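In: need the 3D shape of this:
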Amino acid sequence: MNKGKNKIRNTIFYIILSIFAFVQLFPFYLRIVYSLQPKDFLPEMGKIYLLPKGFHFENYVQAWKMSNLGIGYKNSLIYVTIFTLVSAFIAILVGYVIAKKKFRGRKIIFVMLLSTLMVPAEVLLIPNYILVRDLKILNTLAALIIPGLVNIVGIFLAKQFLETLPDSIIESAYIDGASEMKIFFKVVLPLSGPVIATYFIITYTQMWNDYLWPMIVTNKAEVFTVQLSLMGFQTNFQTGYDMILESAALITTLAPIVIVFLIFQKKFVEGISMTGIK
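Out: Below is the predicted model of the structure:
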């Protein structure tokens with residue numbers, strides 16, 4: 001009886017998940033269809049096209065040539081990769097100290113760090129802008145990287161994960177004569193692979209899609225991120241062919257996120273399950 005109820009419950013659950021997945025992915029599919037349409041394609045008002053009239057991959061080449069996506073790609077790859085790696089290192093370091101080092105006030109420090117999550121990101125825009133202005137790094141990739149390197153969500157994930165790490169492993173390293181630095185780099189970091197992968201996917205996706213902060217601190221095309229380049233490309237066109245080129249450009253900008261997820265998806269699922277996030 002219980003097995004039958006569980007089967008029905010699971011079936012309903014998967015149907016609901018499938019509906020949500022369809023709602024999320026269908027617009028993306030339509031963009032792919034439009035990106036492959038021929039140059040003379042004229043959509044009819046109110047009609048949805050589920051298949052392209054041919055596969056015109058030259059649209060992607062044309063969109064790349066007509067836009068500033070090459071520079072945007074390069075800048076985004078550099079700044080997002082550096083930001084994610086450095087902030088992940090800081091998160092693991094701070095999370096390790098809070099999770100494994102016994103000192104007075106560590107719980108209070110952790111609560112204070114978490115309390116900063118209640119501050120809306122928009123409130124920090126002006127202070128962060130003043131910071132990068134005073135550092136004289138406006139219109140540089142450093143302005144995109146420095147203000148957000150200490151990521152509280154990353155620290156929380158690292159702390160929760162490292163609390164599951166047996167103390168005996170670290171104690172054994174101490175007994176073998178390992179220094180604090182060696183323990184961190186040779187023991188803690190390698191064992192933190194799942195949480196690093198989780199953080200990497202979340203942060204890489206967030207930073208790659210970020211538009212507001214790069215728009216505030218950069219106004220030169222040579223330091224534009226891919227999102228700024230894409231927005232400039234979209235606002236420069238008004239004809240029927242533009243929707244095709246815009247769709248091709250949009251699909252192109254999503255490629256790195258998909259690649260990162262495919263590389264780290266196994267570790268991502270493992271990290272989510274081990275940090276207690278349901």
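
In: which SSE is F28 in?
Out: Using DSSP states H and E, the element containing F28 is helix 2-35.

In: next: S172.
Out: Assigned by DSSP H and E, S172 falls in helix 167-175.

In: packing partners for that helix?
Out: Helices and strands touching helix 167-175, by 3 or more Cβ pairs under 8 Å, 6 or more residues apart in numbering; DSSP states H and E, are helix 180-183. The C-beta positions use only the backbone N, C-alpha and C, and glycine is treated the same way.

In: please save the CA atoms from the helix it packs on in PDB.
Out: Taking C-alpha atoms only, helix 180-183 is exported to PDB below (Å, rounded to 0.1, in the frame of the first residue of the first chain):
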ATOM      1  CA  GLU A 180      49.500  24.600   9.300                       C
ATOM      2  CA  MET A 181      50.100  25.800   5.700                       C
ATOM      3  CA  LYS A 182      50.900  22.300   4.500                       C
ATOM      4  CA  ILE A 183      47.700  20.900   6.200                       C
END
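
In: alpha carbons only: can I get the helix holding S172 in PDB?
Out: The C-alpha coordinates for helix 167-175 follow below in PDB (Å, rounded to 0.1, in the frame of the first residue of the first chain):
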ATOM      1  CA  ASP A 167      39.200  15.900  12.900                       C
ATOM      2  CA  SER A 168      41.300  12.700  13.000                       C
ATOM      3  CA  ILE A 169      42.500  13.500   9.400                       C
ATOM      4  CA  ILE A 170      43.900  16.900  10.500                       C
ATOM      5  CA  GLU A 171      45.200  15.500  13.800                       C
ATOM      6  CA  SER A 172      47.100  12.700  11.900                       C
ATOM      7  CA  ALA A 173      48.700  15.400   9.700                       C
ATOM      8  CA  TYR A 174      49.800  17.300  12.800                       C
ATOM      9  CA  ILE A 175      51.300  14.100  14.300                       C
END
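
In: can you pull the buried residues of it?
Out: By 16 or more other Cβ atoms under 10 Å, the buried positions in helix 167-175 come out as 170, 173.

In: off-centre distance for that helix?
Out: For helix 167-175, the separation from the chain centroid amounts to 34 Å (computed by Cα atoms, centre = their mean, to the nearest Å).

In: any stretches of the stretch 101-250 of the chain with poor pLDDT?
Out: 234-241 (pLDDT under 70).

In: show me where it has its strands.
Out: Using DSSP state E, counting those that start in this stretch, the stretch 101-250 of the chain contains no strands.

In: quick check: the spatially most central residue of the chain vs A99, distance?
Out: What sits nearest the mean C-alpha location of the chain, by Cα atoms, centre = their mean, is T205, with 1.8 Å. Separation of T205 from A99 (Cβ to Cβ, to the nearest Å) stands at 25 Å.

In: cool, I19 as well?
Out: Taken as Cβ to Cβ, the span from I19 to A99 is 39 Å.

In: is it true that T252 touches K65?
Out: No: T252 is beyond contact range of K65, at 11.8 Å (criterion: Cβ atoms under 8 Å).
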